[in-house]
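*Asks:* Just the structure for this:
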Amino acid sequence: MHPHLLRTFVSVAHCGSFSDAAHRLGSTQSAVEQQIATLEADLRTPLLTRRPVTLTTAGARLLEHAGPLLRRLDAARADVERLTGPAAARLVLGASPLAMTPDVATALDETRRSCPDAGAAVRVLGRREIPAAVATGALDLGLLDGAAAPGDPLPLPGAGQHGERPGAGPLTTVAVAETPLVVALPLGHPLARRLGLRLADLADAPWLDAPDAAMPLDSLRTASGTGGFRASLTYEGTDVRALLALAAAGHGLALLPHTAAEAAPGIAPIPLTAPRLIHRTELLHGPAVDGPARTLAAVLTGDGHRYG
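*Replies:* Got it, this is the predicted structure:
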């Protein structure tokens, strides 16, 4: 199977349309249809039905394999280019919005002083994007955050049903920080003077649905063991300050690390007392960690033996 044909198949499967896939790929519909026909001829089985475009049983099975295969190819390319490309060191760090804290900025500054010739870039991404980007080599390091029981690792977004890591190869995760979680309430809220709040008692309250800038609502339902947690407003951005402004204006509640909410204007950050959850940040990397990425990993985790 040629990788180009496989990428075209994945685009058609995700778009559910030959014309939409052609637009995404910058190609023509006839070219996309011909590439799918070539792939089907190679595999000697239909992969897609037409009108409407849906996956056949064989197509669904191929789609399960396609993502990891293509990510492994991307990772191989990134590894080879890293060896044969320019000699200058690089550091590309990806972080979910709540993982990008002042401590991370300080660690990055220390790393750049230790590696003054290294080019550095920081990308703020959604939680689901980071593991695959690390696995394919698009990121040298990733910082992922989420809610967890104290001491428990975070479940990786995109992991399979048996917990296998997404992407091209094994990912190593190392704890960076654990901090308390608080419910962000507007100052005038009836519960704003409470010393603590139980998550289950807030199931019927209106919430802000901000999967990348706060704890996702499906995580709250799982943690509380109840339904509810109705979204009164959806926020699709990554700017935590903008989210807190919406909470302060009364558009809904949000569950955040106390470091993000404690100094926000118009917000009463009330500690979460039950269930026993903390905000956890983890470092993600692939099998090889070299150069400035290794230095940053040592600074972030405080583990000079592992990354020294």
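*Asks:* Poorly predicted segments of the stretch 101-250 of the chain, please.
*Replies:* Scanning the stretch 101-250 of the chain for pLDDT under 70 picks out 158-169.
*Asks:* in it, which spans are strands?
*Replies:* Along the stretch 101-250 of the chain, counting by DSSP state E, counting those that start in this stretch, strands occupy 119-124, 141-148, 172-186, 197-198, 207-209, 231-234.
*Asks:* For residue 37, what is the enclosing helix or strand?
*Replies:* Secondary structure assigned from DSSP states H and E places residue 37 in helix 29-43.
*Asks:* What residues of that helix count as buried?
*Replies:* Buried residues in helix 29-43, counted by 16 or more other CB atoms under 10 Å: 32-33, 35-36, 39-40. Every C-beta, even on glycine, is put in place using the N, C-alpha and C of the backbone.
*Asks:* now that helix: mean pLDDT?
*Replies:* Regarding helix 29-43, the rounded mean pLDDT is 92.
*Asks:* if we look at that helix, which residues are touching it?
*Replies:* 1-2, 4-6, 8-9, 11-12, 18-19, 21-22, 25, 46-48, 58, 62 (CB atoms under 8 Å, 6 or more residues apart in numbering).
*Asks:* can you check stretch 235-249 too?
*Replies:* Stretch 235-249 is contacted by residues 97-98, 124, 126, 184-187, 208-210, 212-214, 233, 252-254, 256, 260-261, 264-267 when judged by CB under 8 Å, 6+ apart.
*Asks:* can you check stretch 45-53 too?
*Replies:* Stretch 45-53 is contacted by residues 9, 12-13, 16-18, 36, 39-40, 54-56, 58-59, 62 when judged by CB under 8 Å, 6+ apart.
*Asks:* Next, give me the two most distant ones among the residues you listed.
*Replies:* Using CB to CB, the contacts of stretch 45-53 span at most 19.7 Å, a distance reached by 17 and 58.
*Asks:* Quick one: neighbours of residue 24, just the number.
*Replies:* Neighbour count of residue 24, defined by other CB atoms under 10 Å: 15.
*Asks:* bridging residues for residue 121?
*Replies:* Listed by DSSP bridges, the beta-bridge partners for residue 121 are residue 92.
*Asks:* residues contacting it?
*Replies:* Going by CB under 8 Å, 6+ apart, residue 121 touches 90-93.
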